[in-house]
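Q: I would like to see how this sequence folds:
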Amino acid sequence: MSTQSTSSEDYSCSGESIDPFDSNHPENRLECLEDPNAYGPPAPGGDMVGLGPPVPSVSRRKVKAIDPCQGRCLVTNATPDSGIKYTHCLPTHLSEDSNMIRRLEWYWGLRMGDLNLNTEHNIFPVSAQLSAMHECPREAPSWFLVPEDHIVDMFFSRTTTFNMVQDPCKEGEIPCYSRTWRGNLPELQGKTFKYRLVPMYIRMEGMALTYIRHPPIRRPKVSDVTVDVYPFNNLPWVTSHLDPKFVIMEAGRKLGKIGSYDLKWGNPLAKKWFDGRPVLRPLLLLYEAWSAPMPSEADQDFGFSPPVVSDPLFSPPVDSDTSSPTAHLHSEEVDPMVPCDPDPVKDSDGWDHSAIAQWSIDTSGQGTSLDSFSSEGQTATQDNDDQIMDSDEDSQFDFMIGAGSRTPPRRLILSKDGKHWY
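A: Residues are numbered from 1 along each chain as shown. Next up, the predicted model:
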């Protein structure tokens, strides 16, 4: 079996030692939506820069609880004592690309900030060698997983496909690109799904992989082991707890590194490789649909970005491809439902707690005192065991959009003891 060097040279570039956890290093820095033109042959001797951080122990425990492989390698069925690494299907370094994450949350029907790449449904056990080839180098990965055709078709049927002249595709016409809308995903039955390994274009051609056919309850015999070589068509389908969304997105992301033009119309060899595997086209088109810029109405969808009163210390991020501020009015570092600081007497605008509470009374039109917020006719909701002030439907909406002569600098939250607003 082909092996990769583990010398210190693998982790250096032009004689400079590279810290794989340093996101500011040029070798580790990501451009928005990753440059597909950077795909090329692997570096001689193995280029292993950019290894991601290890999987959190909490996530590993959750994976072990639901993993049908019971800690064995998903691809080769090798036992844990052979060297298994828990690996992210969709890599966590994508969280550095706020545009990409925001778009996935939009098209997958999530609220902003809800996508967790450390979920157990995005992590699987695989041999250390295959893990390294799956994750690194970032611009020249070696393989990806694909779901069964009928699973891919369920997702792809939820998109609208277009031809080369940007007209909706007719029956039998090969699509050039596709688009979808928020939360337009199929309802899948079951908790496990089947996948298989597909090597990337001009990758793994000199490798052989072994597969142990049965879970080894004893010392394996030679008859238990099969060997397969590129393109690994004899490797069996394997069952995993991985969510197909993550698998599809990662497959399409890696195909996008080769370049959509080369695969669809350009490089004859790449196009032949691409067309010879019919499942790859919908995977690439799904990736393009899920990573497309969000529609203009996204900043009006309170289900995506719930409205909160603006804090002047924070500014709304902007999707660089749409040049439109998104609806959320809080920073990505601070949870808007957590108070900034309940202790200071006044904020930067000179508002103290009593003034903020009185402002809310005046703008709600109720004319009630602070002590009557909990009286009949008012409603309260729970958030992290704190009470968030609301009133009837009309005044509640006014409160959310910041009615009145001024908007206070932060959302009003009643402390647990019911004595203080902040």
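Q: residues in contact with Glu120?
A: Counting by Cβ atoms under 8 Å, 6 or more residues apart in numbering, Glu120 touches 59, 62-63, 65-66, 241. For glycine as for every other residue, the C-beta is placed from the backbone atoms N, C-alpha and C.
Q: pLDDT below threshold where in the stretch 251-400 of the chain?
A: Applying pLDDT under 70 to the stretch 251-400 of the chain flags the ranges 308-400.
Q: can you rerun that using 90?
A: Scanning the stretch 251-400 of the chain for pLDDT under 90 picks out 256-276, 295-400.
Q: OK, contacts around Val244?
A: Val isn't right for residue 244; it's Pro. Neighbour list for Pro244: 147, 151-152, 155, 188, 193 [criterion: Cβ under 8 Å, 6+ apart].
Q: can you list the residues that contact stretch 67-79?
A: 64, 80, 82, 84, 124-127, 130, 192, 195, 197, 209-213, 215-216, 235, 238-241.
Q: from those residues, which would you call buried?
A: Neighbour counting by 16 or more other Cβ atoms under 10 Å classes 84, 124-127, 130, 195, 197, 209, 211-212, 235, 238, 240-241 among the contacts of stretch 67-79 as buried.
Q: any idea which of these is closest to Ser291?
A: Nearest to Ser291 among those, counting by Cβ to Cβ, is Tyr195 at 21.3 Å.
Q: where does the residue lying closest to the closest one once chain neighbours are set aside fall, phi/psi-wise?
A: Using Cβ to Cβ, 6 or more residues apart in numbering and skipping residues adjacent in sequence, the residue nearest Tyr195 is Leu145, 4.3 Å away. The phi and psi values for Leu145, taken as degrees, to the nearest 10, are phi -100, psi 150.
Q: separation between Leu145 and Met154?
A: Per Cβ to Cβ, to the nearest Å, Leu145 is found 17 Å from Met154.
Q: report the longest strand in the chain, please.
A: Identified as the longest strand of the chain according to DSSP state E is strand 193-199.
Q: what sits up against the helix or strand following that strand?
A: Downstream of strand 193-199, the next assigned helix or strand under DSSP states H and E is strand 208-212. If you take Cβ under 8 Å, 6+ apart as the criterion, strand 208-212 is touched by 1-2, 75-78, 197, 220, 224-229, 232, 235-236.
Q: what's Pro168 sitting at in phi/psi?
A: Backbone geometry at Pro168, expressed as degrees, to the nearest 10, gives phi -60, psi 140.
Q: about what we covered before: so can I have CSV of the contacts of Pro244 showing distance to Met112 and pLDDT?
A: Formatted as CSV, the contacts of Pro244 follow (distance: Cβ to Cβ, whole Å; pLDDT from 0 to 100):
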residue, distance to Met112, pLDDT
Pro147, 27, 97
Ile151, 27, 97
Val152, 27, 97
Phe155, 22, 97
Leu188, 24, 92
Phe193, 27, 98
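Q: Many thanks, have a good one.
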